[in-house]
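> Sequence and predicted structure below; questions after.
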Amino acid sequence: MRKKIVAGNWKMNLTLAQGEQLINDIVNAGLKLEDNQAVVIAPPFPYLQKAKSLTQHTEGFFIAAQNCAAEKSGAYTGEVSAEMLKSIGVDYVILGHSERREYFAESNATLAKKTDLVLANGMKPIFCCGEPLAIREAGTQNDYVAKQLEESLYHLPAEEFSKVVIAYEPIWAIGTGLTASAQQAQDMHAYIRSQIAAKYGREVAMHLTILYGGSAKPSNAQELFACEDVDGGLIGGASLVAADFTAIVKSF
Ligand SMILES: O=C[C@H](O)COP(=O)(O)O
């Protein structure tokens, strides 16, 4: 059975005290997760260890970093390496979020390097892809996303690729209140799965977890998660409110 994930990407929000409160509220919400369901919390770097210690005894909870360096180690002031993240117990690393691509000029080639480092350190990448509005309006979103996957991931052998989680996040839906319709999400997720099947075979594609991200909230999560190829969500704004985030988790 495919792994289902609801991941909360806090982005650059909350103080440590607020984050601690939020995690405690989520952990104590009495969520009943099935064996194939996971909750992933992605706080800012300084809170990762705290987040780990608050969640490590709760079944089905994991921690993600929001980014990592493209180099292994050395004179890169301000950077955080994959090895460092592994050493503090991080499970997943979000890579290629559209905000990183746009504001920090992360290219598909850079993301290929980051993906390799995350995998080499025994963690799982949550690899983000998705098109801007102009591409969606031009109707070329499939080609755009296919290129992102090809240039950052297709160098991986099947065994390594199988550890990757993909998050489809149409940029026009992120933080805008404009959610992709369940049909738009399903169409893209099915397309991604078909591309992966063509590259890595049906078995790998059927086991691939593909998350949807972009203004997901309690009122639309159920409809989105009911889609055959949508295996959960990467949640931004709604992950900062315990009641909203837990309601989304309950929509599995
Ligand atoms: O990583 C999360 C996505 O960017 C979605 O953010 P959002 O739920 O605030 O639209």
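Structure received.

> Mind jotting down where the helices sit in the stretch 1-150 of the chain?
Remark: helices assigned in the stretch 1-150 of the chain by DSSP state H, counting those that start in this stretch are 16-27, 48-55, 82-87, 98-103, 108-120, 133-138, 141-153.

> ok, residues contacting the fifth one?
Right, helix 108-120. Helix 108-120 is contacted by residues 67-72, 81-83, 93, 95-96, 124-125, 127, 147-148, 151-153, 155-156, 160, 163-164 when judged by CB atoms under 8 Å, 6 or more residues apart in numbering. Where you see a C-beta, it was placed from the backbone N, CA and C, and this is true even at glycine.

> Output the set of residues of the stretch 151-252 of the chain in proximity to the ligand.
Counting by CB under 6 Å from any ligand atom, the residues of the stretch 151-252 of the chain lying close to the ligand are 169, 174-175, 213-216, 234-238.

> need the contact list for the residue nearest to residue 140 when sequence neighbours are not counted.
Closest residue in space to residue 140, ignoring its immediate chain neighbours: residue 131 at 7.8 Å, by CB to CB, 6 or more residues apart in numbering. Residues near residue 131 by CB under 8 Å, 6+ apart: 140-141, 144-145, 170-172.

> Which one of those is nearest to residue 250?
Closest approach to residue 250 among the contacts of residue 131 (CB to CB): residue 170, at 24.3 Å.

> Go ahead and confirm residue 200 touches residue 161.
Yes: using CB atoms under 8 Å, residue 200 is in contact with residue 161, at 5.7 Å.

> Show the average pLDDT along stretch 133-140.
Average pLDDT, stretch 133-140: 95.

> From the rest of the structure, what touches that stretch?
By CB under 8 Å, 6+ apart, the residues outside stretch 133-140 that reach it are 131, 141, 144, 170-172.

> Buried ones only from the contacts of helix 108-120, please, as a ChimeraX command.
Restricted to buried positions by 16 or more other CB atoms under 10 Å, the ChimeraX selection for the contacts of helix 108-120 reads:
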select :67,68,69,70,81,82,83,93,95,96,124,125,127,148,152,153,156,164
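
> ok, now which residue in the protein is the farthest from the centroid?
What lies farthest from the middle of the chain is residue 75; by CA atoms, centre = their mean that is 28.3 Å.

> so which residue of this structure comes closest to the ligand?
residue 236 (2.2 Å; CB to the nearest ligand atom).

> Pull the number of nearby residues for that residue.
Using other CB atoms under 10 Å, residue 236 has 23 neighbouring residues.

> And for the one 10 residues further on?
Residue neighbour count, defined by other CB under 10 Å, stands at 20 for residue 246.

> Show me the strands in the chain, by range?
Using DSSP state E, the strands of the chain run over 4-9, 37-42, 61-65, 92-95, 124-129, 165-168, 210-212, 232-235.

> Please name the bridge partners of the residue nearest to residue 91 when sequence neighbours are not counted.
Of all residues not flanking residue 91 in the chain, residue 62 sits nearest, at 4.0 Å (CB to CB, 6+ apart). Judged by DSSP bridges, the bridge partners of residue 62 are residue 40.

> Just the pLDDT for residue 62.
98.

> and if you look at residue 214?
95.

> Ok, the one 5 residues further on next?
Predicted confidence (pLDDT) for residue 219: 96.

> What is the neighbour count of it?
Neighbour tally, residue 219, other CB under 10 Å: 13.

> buried set for the helix ranked longest in the chain?
Counting residues, the longest helix found in the chain (DSSP state H) is helix 182-200. Neighbour-count burial for helix 182-200 flags 182, 184-189, 191-193, 195-196, 199-200 (criterion: 16+ other CB under 10 Å).

> Nice, that's everything, thank you.
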